[in-house]
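Undergrad: Compute the structure for the input listed below.
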Amino acid sequence: MRYFLLFIIVAQFSCQSEKSIHSKIEGDYFIVYPDEDLKNERQRKIYAAIQDSIVTLKGVKLISFMEDGTFIQWDSTMLTGQWAIMDETMVVVNKAGKGFDNFKATIAGIEKDLLKLTEVINADGERIEVTWHLKKISSGKAKDLFKPGKNTWRQVPSREETDDEIKKRLSEMMTYYSGYFSLIAEESSYFMPIRVMLPVKFYQHAIGMKDFEEDHRFVSLFSSVAQAKKAYSFLKEVINGSDYNNLDMGSFSKEYSYMLEKLAVEIVK
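TA: From the prediction side, this is the model:
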């Protein structure tokens, strides 16, 4: 009986401990950058060859660890999976899209607004440790990026939309990415165009249009290719007709944020 009671006490303590860690990690995050721990010259060479692909999978992404164990990637079509705490020391994520289909990382640090997760990457016979720095987003304009109501433009319409509805969808997209670039300007020294679902090019002090491509992710946001082409023409018209380019605000990301905010208003006038 004594051993049984001891087992119950230990089990309860373990659950409370894991729940406490779980609650500390819950929240919305911006993945800022990876910090690699390379042990030797061989690891440095291997990592140099795979670094771009690793950063592409997770760098400057927006993710959420929900209280109910749901994990969300916000950057594409709100891919969801499951996350949990393992042995009080690790975070595991499953079936949550590229980069997080089978993710396991040691908790390297939990601070007020910074979570550090160390992932071991097996490459060419080496175990390379990469520590991801995640900025916790708890307030401010950036918090809007994680609100379902600010992400409705990701939901593919079940019917053809009117011109005004298409323009409204485009306006919501540009408003969203204006907020995203504002966050980039505050927290990151780099950005990745692949994170943006608009068919646009980013230049020094300017935004331009890419050619229309049917396999671009932008097209997947509309009920048909024809609707996407119409949206593309509206977007091209407002960008080519704007005079917000050639700004000099000391940060390309600040400039993109400003331009997209203004274009979001212009397109629905």
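Undergrad: mind listing the helices in the stretch 101-250 of the chain by residue range?
TA: 163-187, 225-240 (DSSP state H, counting those that start in this stretch).
Undergrad: Can you tell me which of the ones you listed is most buried?
TA: By mean neighbour count, with neighbours taken as mean count of other C-beta atoms under 10 Å, helix 163-187 ranks first of the helices of the stretch 101-250 of the chain at a mean of 20. Quick note: C-beta positions are derived from backbone N, CA and C, even for glycine.
Undergrad: and that helix, how far from the chain's centre?
TA: Centre-to-centre, helix 163-187 and its host chain are 14 Å apart (C-alpha atoms, centre = their mean, to the nearest Å).
Undergrad: likewise stretch 70-77?
TA: Computed by C-alpha atoms, centre = their mean, the chain-centroid distance of stretch 70-77 equals 7 Å.
Undergrad: Tell me the buried residues in it?
TA: The neighbour-count check on stretch 70-77 (16 or more other C-beta atoms under 10 Å) flags 71-75, 77 as buried.
Undergrad: now do stretch 209-221
TA: Quick answer for stretch 209-221 (16+ other C-beta under 10 Å): 212, 216, 218-219, 221.
Undergrad: a markdown table please, covering those residues and showing pLDDT and distance to Ser178.
TA: What follows is those, written out as a markdown table (pLDDT from 0 to 100; distance: C-beta to C-beta, whole Å):
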| residue | pLDDT | distance to Ser178 |
| --- | --- | --- |
| Phe212 | 97 | 23 |
| His216 | 95 | 20 |
| Phe218 | 96 | 17 |
| Val219 | 97 | 22 |
| Leu221 | 95 | 17 |
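Undergrad: Go through the residues you listed and say which is closest to Ser23.
TA: Ser23 lies nearest to Leu221 out of the buried residues of stretch 209-221, by C-beta to C-beta, at 34.8 Å.
Undergrad: got a list of what that closest one touches?
TA: 153-154, 156, 169, 197, 228 (C-beta atoms under 8 Å, 6 or more residues apart in numbering).
Undergrad: Check the gap between it and His22 for me.
TA: Leu221 sits 34 Å away from His22, going by C-beta to C-beta, to the nearest Å.
Undergrad: Burial check on the residue lying closest to Leu38 once chain neighbours are set aside, number of neighbours?
TA: Distances taken as C-beta to C-beta, 6 or more residues apart in numbering put Arg44 closest to Leu38, at 4.8 Å, once the chain neighbours are dropped. Arg44 has 12 neighbours, counted by other C-beta atoms under 10 Å.
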